[in-house]
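Q: When you get a sec, could you give me coordinates for this:
(chains A and B)
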Number of protein chains: 2
Amino acid sequence: MDELKEYIQKVSDAANETLERILPPETHYPASIHTLMRYSSFAGGKRVRPCLVMAAYEACGGEFGDEKAMKTAAAIEMLHTFSLIHDDLPCMDDDDFRRGKPTAHKAFNEALAVLGGDALCILAFEVLASIGRVDIITEIAVALGTNGMIGGQVVDIESEGKTVDKATVEYIHNNKTTALIRASVKIGAMLANAPTQTIEKLTSYGNNVGLAFQVIDDILDEESTSETLGKNVGRDKDKGKATFPAIVGMAESKRYAQELIENAWKDIAFLGDKGAVLKDLAEYIRVRIS
Amino acid sequence: MDELKEYIQKVSDAANETLERILPPETHYPASIHTLMRYSSFAGGKRVRPCLVMAAYEACGGEFGDEKAMKTAAAIEMLHTFSLIHDDLPCMDDDDFRRGKPTAHKAFNEALAVLGGDALCILAFEVLASIGRVDIITEIAVALGTNGMIGGQVVDIESEGKTVDKATVEYIHNNKTTALIRASVKIGAMLANAPTQTIEKLTSYGNNVGLAFQVIDDILDEESTSETLGKNVGRDKDKGKATFPAIVGMAESKRYAQELIENAWKDIAFLGDKGAVLKDLAEYIRVRIS
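A: Next up is the predicted model:
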């Protein structure tokens, strides 16, 4: 996994450099919102989505660091950050810490957190427009909307403290986290102008990896400590969140996560050596619970 | 002005019909957010921005009701609604009524209002992408972002209860309301593939009309009653909002609004008869204070 760690570092550096260029300077008027946008964008995220964009792009023949791919990766990371800022708000998940740092509304204030999230979302679409691919804008908008990420977040919030069935938990997982992860992989392939069948297989890979990511997140929330995870843990249970372990138990959740990773591997087997990084990324997500 | 009223009604009907097609049905899962999106979208707005898009589009040779123009007009109205929902939140302007109806967070709840605003913003970009014009997506994203509407809202909130100078009020007005109105007119001209010089003059018209609209809004907030305006009035003063009348006085504000409308008329004089609706729309905005 040392090679993968190097790859993640390389993407992370490139994504940070791109975000550095895209985000207005902290001093740009009005300074407060630009300071918040940078605070949340550089809060130590692992850049999983940019890694998936770049790995899919390269697996389909794209070259590392191409401007259109880096801009897309940075835009997707900004959209992810936008969703985190809004999810953390007092009226939503009410989280005070994220990645070991105070959340945006704690470090600044609630109004600025709402507007800073909005601004990151809007700037991401501006960046995506600069690439000139409306098909990619459509793909991302659908992944983010009420048939994707936002829909998942709505059902997640409305399920709190209720007894929910497996189908509801699956809906939440399919949408809240998986939609944007699946789109990241798909868009990487689309940017490289991969053939339809390749895009479909990579989309399936993204789906499996995204679901695994969320199931494992639920598992970690119950098993880890606050120090290792950098945020409050056990919060899901405290808030009566609809999680996979709560429905099917811990052992079955781990088995399911393993199965999802194996399905992801099968999806990209056709890529052979070109799929090495994507294979390792799936493994990287899995070993968090091993 | 009877002809204008008919025109406004015609655009309003067409915009409503387009929104009806674009917005997911209330019953679409998860129903709550789709109900909210429709509630706020059909809350009785005057559809000023769709009117400006269509009037500019037609003035530049476009045909009324063209799908790309109607979709753009509907998307801009959705973006306007998104901004209103978030502006009304308790952490922002904390307004309970809008257009005579309870605001989204009062009629539903705060979390759903945040997410419903987000979803309208994202859906608007999806709709804009379906037209296939990245230049228009760029234009709208810039108008909405921290160098436009969001920037204006940040400074507006941060100026509350403070003594601010004229330059600050002008910044707020130039951005909070004017940016999207200016973009509406400009995009109408862009959609009709108008020559650069025409686009520039219509953009200037949009700027003058947008500024006048906001100055007049400030005047109305101080002078009108709650019944006629359909929302709480005198709120600006209560909250120590930075308004034009507060800085330069009521008489000078009215003179300035008049000057802006006259400048808007000069901008479109070159259009002759083709600019009749745009001329009337500027007058329509002015007579609100006459």
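
Q: CA only for contacts and neighbour counts going forward, please
A: Noted.

Q: which parts of chain A sit against chain B?
A: Applying C-alpha under 8 Å from any C-alpha of the partner chain, one finds that chain A approaches chain B through A:29-30, A:33, A:86, A:91-92, A:110-112, A:114-115, A:118-119, A:122-123, A:125-126, A:129-130, A:132-135, A:137-138, A:141-142, A:144-146, A:150-151, A:154-155.

Q: Buried ones among the residues you listed?
A: Neighbour-count burial (16 or more other C-alpha atoms under 10 Å in any protein chain shown) is assigned, among the residues of chain A next to chain B, to A:30, A:33, A:86, A:91-92, A:110-112, A:114-115, A:118-119, A:122-123, A:125-126, A:129-130, A:132-135, A:137-138, A:141-142, A:144-146, A:150-151, A:154-155.

Q: Out of these, which sit inside helices?
A: Under the assignment DSSP state H, these contribute A:33, A:86, A:110-112, A:114-115, A:118-119, A:122-123, A:125-126, A:129, A:134-135, A:137-138, A:141-142, A:144, A:150-151, A:154-155 to helices.

Q: lowest-confidence helix or strand of chain A?
A: Among the helices and strands of chain A, helix A:226-229 carries the lowest confidence by mean pLDDT, DSSP states H and E, at a mean of 53.

Q: Tell me which residues are up against the helix or strand just after it.
A: Sequence order places helix A:235-238 as the next helix or strand after helix A:226-229, per DSSP states H and E. Contact partners of helix A:235-238, identified using C-alpha atoms under 8 Å, 6 or more residues apart in numbering or on different chains, comprise A:218, A:221-222, A:242-243.

Q: and the gap between A:Asp165 and chain B?
A: Distance, A:Asp165 to chain B, using C-alpha to the nearest C-alpha, to the nearest Å: 15 Å.

Q: Contact partners for that residue?
A: A:Ile247.

Q: before we move on, what about A:Asp280?
A: A:1, A:4.

Q: which SS class is it?
A: helix (DSSP: H, G, I helix; E, B strand; the rest coil).

Q: what separates it from chain B, distance-wise?
A: Taken as C-alpha to the nearest C-alpha, the span from A:Asp280 to chain B is 32 Å.

Q: Test for you: state the pLDDT assigned to that residue.
A: At A:Asp280, the pLDDT value in this model is 96.

Q: can you give me the strands in chain A?
A: A:97-98, A:101-102 (DSSP state E).

Q: Generate JSON lines for these, with distance to A:Leu4 and mean neighbour count as supplementary columns.
A: Output for those, formatted as JSON lines (distance: least, C-alpha to C-alpha, whole Å; neighbours: other C-alpha atoms under 10 Å in any protein chain shown):
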{"stretch": "strand A:97-98", "distance to A:Leu4": "25", "mean neighbour count": "18"}
{"stretch": "strand A:101-102", "distance to A:Leu4": "26", "mean neighbour count": "16"}
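
Q: For A:Val142, which residues are in contact?
A: A:148, B:123, B:126.

Q: oh, I was asking about A:Thr103
A: A:40, A:85, A:88, A:95-97.

Q: Apply 6 Å and report the result again.
A: For A:Thr103, the contact set (C-alpha atoms under 6 Å, 6 or more residues apart in numbering or on different chains) comprises A:96-97.

Q: Over to A:Phe82?
A: A:117, A:120-121.

Q: Name the nearest of those relative to A:Ile181.
A: For the contacts of A:Phe82, the closest approach to A:Ile181 (C-alpha to C-alpha) belongs to A:Cys121, at 16.3 Å.

Q: how close does the nearest residue to that closest one once chain neighbours are set aside sit to B:Tyr29?
A: Among residues not flanking A:Cys121 along the chain, A:Leu79 sits closest, at 5.4 Å (C-alpha to C-alpha, 6 or more residues apart in numbering or on different chains). Distance of A:Leu79 to B:Tyr29, computed by C-alpha to C-alpha, to the nearest Å: 23 Å.

Q: now chain A, which segments are flagged as low pLDDT?
A: Residues of chain A meeting the criterion pLDDT under 70: A:225-235, A:288-290.

Q: and the longest helix for it?
A: Max-length helix for chain A by DSSP H is helix A:196-223.

Q: tell me what that one is packed against?
A: Judged by 3 or more C-alpha pairs under 6 Å, 6 or more residues apart in numbering or on different chains; DSSP states H and E, the packing partners of helix A:196-223 are helix A:178-191, helix A:250-268.

Q: and among the ones you listed, the most buried is which?
A: Greatest average neighbour count among the helices and strands packed on helix A:196-223 goes to helix A:178-191 (a mean of 28), per mean count of other C-alpha atoms under 10 Å in any protein chain shown.
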